[in-house]
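Asks: Any chance you can model this:
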Amino acid sequence: MKAQGTYKVKKWEENQYAEISSGMKMAKAAVEYSFEGEIEGNGLMEYLLFYKFYDSNDPHKSSAVYTGLMRFEGKLQGKAGSFVISDQGKFENGLADSSLQIISGSGTGELRGIAGTGKYSADTNGAITELEYDL
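Replies: Modelled structure (predicted):
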């Protein structure tokens, strides 16, 4: 099955934990997302980020790679429950681009047994998530 939705960042709290050189750093971020469409609900994400280049005057000019885990809770095409997603991505030229993996065994409620993959992309014009899954 395939599902698509849009998302918005409700909260982004990021803290640097290592400065490698001027403009190069490592950070952690706690993020809250809200989803609409065939994917409807909220997501709590924890990211680890490596900035190859960080522009403090305009973070959208920065370049980074990141990995994270998100717990999604809500509805997927009308079925209620939760599951965990692994996120591997990069941010360059104002575009976030990620590959997603639904963690097998993480589903609850009507989403128990869910498995699959997905992707998302986000820029200043919006953010779209697509999942391809088995249930």
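
Asks: Tell me what residue 84 is bridged to.
Replies: Beta-bridge pairing for residue 84 (DSSP bridges): residue 71.

Asks: Just give me the neighbour total for it.
Replies: Counted with other Cβ atoms under 10 Å, residues neighbouring residue 84 total 19. For every residue, glycine as well, the C-beta is placed using N, CA and C.

Asks: I'd guessed it sits against residue 103; true?
Replies: Yes - the pair formed by residue 84 and residue 103 meets the contact definition of Cβ atoms under 8 Å, at 4.4 Å.

Asks: Which of the helices or strands spans the residue lying closest to residue 130 once chain neighbours are set aside?
Replies: In space, residue 130 comes closest to residue 4 once its chain neighbours are excluded; the distance is 5.0 Å by Cβ to Cβ, 6 or more residues apart in numbering. Residue 4 belongs to strand 2-21 when assigned by DSSP states H and E.

Asks: Please export the C-alpha coordinates of that strand as PDB.
Replies: C-alpha atoms of strand 2-21 as PDB (Å, rounded to 0.1, in the frame of the first residue of the first chain):
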ATOM      1  CA  LYS A   2       1.000   3.600  -0.600                       C
ATOM      2  CA  ALA A   3       0.200   6.700   1.500                       C
ATOM      3  CA  GLN A   4       1.200  10.300   1.200                       C
ATOM      4  CA  GLY A   5       0.900  13.300   3.400                       C
ATOM      5  CA  THR A   6       2.300  16.700   4.200                       C
ATOM      6  CA  TYR A   7       3.900  17.700   7.400                       C
ATOM      7  CA  LYS A   8       4.900  20.800   9.400                       C
ATOM      8  CA  VAL A   9       7.500  21.300  12.100                       C
ATOM      9  CA  LYS A  10       5.800  22.200  15.300                       C
ATOM     10  CA  LYS A  11       9.000  22.500  17.400                       C
ATOM     11  CA  TRP A  12      12.800  22.300  16.600                       C
ATOM     12  CA  GLU A  13      15.200  22.300  19.600                       C
ATOM     13  CA  GLU A  14      18.800  21.900  18.400                       C
ATOM     14  CA  ASN A  15      22.000  21.800  20.500                       C
ATOM     15  CA  GLN A  16      25.600  21.600  19.300                       C
ATOM     16  CA  TYR A  17      27.700  19.000  21.100                       C
ATOM     17  CA  ALA A  18      31.000  19.300  19.100                       C
ATOM     18  CA  GLU A  19      32.600  22.000  17.000                       C
ATOM     19  CA  ILE A  20      35.000  20.400  14.600                       C
ATOM     20  CA  SER A  21      36.200  23.600  12.900                       C
END
